[in-house]
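1. Predicted model and sequence follow; I will ask about them next.
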Amino acid sequence: MMVNNEVNSAKIQVKHKVSSILDNAIFIKSKSYKKIYELFNTLKTSRGKIIHIIGAPGTGKSTNIYFAIYDLDLKYYEPKFILKDENASPLIVFNKVIHELKKDLGVKSSDELFQKLSQYDAILFADKFHDTHLNNDKMVGFSRWTDSKGFRSFYFYWLCIKEYFSQREKFKNINIVFQTAWRIYIRGEKYDLFSDLGVISLIFKKMLNLFFDVVTIAYTDEEIIKIVKAHYPTLDEREITKYIKKYGLKPRYILSHIEKDYNLKNG
């Protein structure tokens, strides 16, 4: 959960962004987390599940996913997105993903790949896939590639759907967990399709629910106050409420701005 104030704020937000189990030093269990826990608890004894964890940027999708994996001691595999050219075509990216999976798992054929993946409780597509560029500026994360390609990236998703139906019986032997965000730009502003667009987001979430297990990460004011006080025990609740009104129910954004403001006051 991390002299130009915008630069400092960006660094602090990266600091508060969880990208592995080891980053969860402080964690408060919310209602959303309990839903994830219940769903993940089925993964050791079943296969063929596809789970989407959605939520607005800054709500802690990664935080909740990694803590549930740790809490349940799940055996998981997390692929990385290995790409250096943000202008690569969707077909090249799709083939690259398959190639890197085989290379990383030490297999050559599609059958061997599915057999290897079936040995895990979950295959997790999270920050190491979406945001590779945050840890290595020479790499292009999947989120940066989709930002670059825009609507042209839809062909990649079509290739994934086609692969799923052609290998449907093999997919029944593996569980997949997606940290899902679909970013779109309206008049230069960035929005998440599943959380920021009111009725439109609700429609898309219902559509996603028709085909997959879906958990939305969201919080009450009381939960945000508990999360913030776990990090800053002496902070007054009225002060926390001001941050909630300004930045919404998004723990990472609130914590990053509290840290930035604290550093500025004491700098």
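-> Yes, it's here.
2. in stretch 92-106, what's buried?
-> Under the neighbour-count criterion of 16 or more other Cβ atoms under 10 Å, stretch 92-106 has 93-94, 97, 101-102 buried. Any C-beta I mention is one placed from the backbone N, CA and C, and that applies to glycine too.
3. Closest one to Phe165 out of these, please.
-> Nearest to Phe165 among the buried residues of stretch 92-106, counting by Cβ to Cβ, is Phe94 at 14.7 Å.
4. helices or strands next to the host helix or strand of that closest one in the packing?
-> Element membership of Phe94, judged by DSSP states H and E, is helix 90-105. Identification of packing neighbours for helix 90-105 by 3 or more Cβ pairs under 8 Å, 6 or more residues apart in numbering; DSSP states H and E yields helix 110-117, helix 154-166.
5. Kindly export stretch 233-243 (C-alpha atoms) in PDB.
-> C-alpha atoms of stretch 233-243 as PDB (Å, rounded to 0.1, in the frame of the first residue of the first chain):
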ATOM      1  CA  PRO A 233      -3.800   5.300  14.800                       C
ATOM      2  CA  THR A 234      -3.600   8.900  16.000                       C
ATOM      3  CA  LEU A 235      -5.500  10.400  13.000                       C
ATOM      4  CA  ASP A 236      -8.800  11.900  14.000                       C
ATOM      5  CA  GLU A 237     -12.000  10.300  12.400                       C
ATOM      6  CA  ARG A 238     -13.200  13.800  11.300                       C
ATOM      7  CA  GLU A 239      -9.900  14.300   9.400                       C
ATOM      8  CA  ILE A 240     -10.300  10.900   7.700                       C
ATOM      9  CA  THR A 241     -13.800  11.800   6.700                       C
ATOM     10  CA  LYS A 242     -12.400  14.800   4.900                       C
ATOM     11  CA  TYR A 243     -10.200  12.600   2.800                       C
END
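6. buried set for that stretch?
-> Applying a neighbour-count criterion of 16+ other Cβ under 10 Å, the buried positions in stretch 233-243 are 240, 243.
7. what do you get for stretch 173-187?
-> Residues of stretch 173-187 classed as buried: 174-181 (neighbour count, 16+ other Cβ under 10 Å).
8. these two touch, right, Pro79 and Glu100?
-> Yes: Pro79 is within contact range of Glu100, at 7.1 Å (criterion: Cβ atoms under 8 Å).
9. Overlap in contacts, those two.
-> By Cβ atoms under 8 Å, 6 or more residues apart in numbering, Pro79 and Glu100 have no common neighbours.
10. Now the residue positioned nearest the centre of the chain: which helix or strand?
-> Among the residues of the chain, Gln179 comes closest to the average C-alpha position under Cα atoms, centre = their mean, at 3.5 Å. Element membership for Gln179, per DSSP H and E: strand 176-180.
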